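A.B. asks: A structural model of the following input is requested.
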Amino acid sequence: MNNVMTIYKKELASYFKSPMAYVFLLFFALFNGYFFMNTFFLFAQSDMRALFGIVPLIYLFFVPVVTMGLIAREKSLGTSEVMATLPIKDIELVVGKYLSAVTLILAGLAFTVVHFFTLLVVGTTVDYGAVFCGYLGLALVGSFYAAIGIFSSSLTDNQVVAFIIGAVFVLVFFLMDKMLIFIPISLSGIIQFLSVDYHLSNLSRGVIDSRNLIYFGSLIWLFLTMTIRVVEMRKWR
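C.D. replies: Take a look at the predicted model:
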């Protein structure tokens, strides 16, 4: 556990030692604020649905950016060989790096809470349960996409390639339920269940279903496990 925390703190500090964390947080807040205010003032939609709809779209680009260098840059910097000689397990390395990315994503998500307080100030009736479940859903989606991102980063030494691979994977899961009209009826139920948006929409309605939690938990575990296996294989090349 000490190794995990050491790697976690090192990675998190590296984000803030470079412009990446500040650029991510700034643009994440600006994009969300722009679309939320558009629906608030132009369309008179005074609830959190607009925010819960736009954040997953912003994730499609920003999460692969945050995660693309987690494993890939170790090889380019020449630190992967040093890491291999240290008494650090592969699972500790992966989990520590993964948690640092999740922390940055959740920090960006925390900035959007200001919109919730905006609704309270203007006297809008707010469904607190739906808001809580919506944020839980967004946190799970961000964590899932981060798991995809670190897996993509483990597949290559090039950060740009890692970004492209991660973005494609994320886009596939995002678009699954939107492509059902092209899918045979016999497979549509499976494809819909694999879709991120299907589970997020359930949570955004204020319903915490164990199936949604199992979905996100299982896929996060799957991609982290695959990442650990890839890191192990890279050591023996």
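A.B. asks: how about residue 56, secondary structure?
C.D. replies: helix (DSSP: H, G, I helix; E, B strand; the rest coil).
A.B. asks: Not counting its neighbours along the chain, what's nearest it?
C.D. replies: residue 141 (5.8 Å; C-beta to C-beta, 6 or more residues apart in numbering). Bear in mind the C-beta positions are built from the backbone N, C-alpha and C, glycine included.
A.B. asks: Just give me the neighbour total for the one you found.
C.D. replies: By other C-beta atoms under 10 Å, the residues close to residue 141 number 25.
A.B. asks: Tell me how far residue 100 lies from residue 113.
C.D. replies: 21 Å (C-beta to C-beta, to the nearest Å).
A.B. asks: Comparing these two, which residue is more hemmed in?
C.D. replies: More crowded of residue 100 and residue 113, by other C-beta under 10 Å: residue 100, with 24 against 12.
A.B. asks: Double-check the more buried one against residue 12; I have them as touching.
C.D. replies: Yes - applying C-beta atoms under 8 Å, one finds residue 100 in contact with residue 12, separated by 4.4 Å.
A.B. asks: if we can go back for a sec, so what's the predicted local confidence for the residue nearest to residue 56?
C.D. replies: Listed pLDDT for residue 141 reads 94.
A.B. asks: hang on, isn't it packed against residue 200?
C.D. replies: Yes - at 5.7 Å, residue 141 and residue 200 qualify as touching, with contact defined as C-beta under 8 Å.
A.B. asks: what sits against the residue most central in space within the chain?
C.D. replies: Taking C-alpha atoms, centre = their mean, the centroid of the chain lies closest to residue 142, which sits 2.3 Å from it. Residues near residue 142 by C-beta atoms under 8 Å, 6 or more residues apart in numbering: 59, 63, 102, 105-106, 109.
A.B. asks: State the helix or strand in which the residue nearest to residue 56 lies.
C.D. replies: Using DSSP states H and E, residue 141 sits in helix 128-154.
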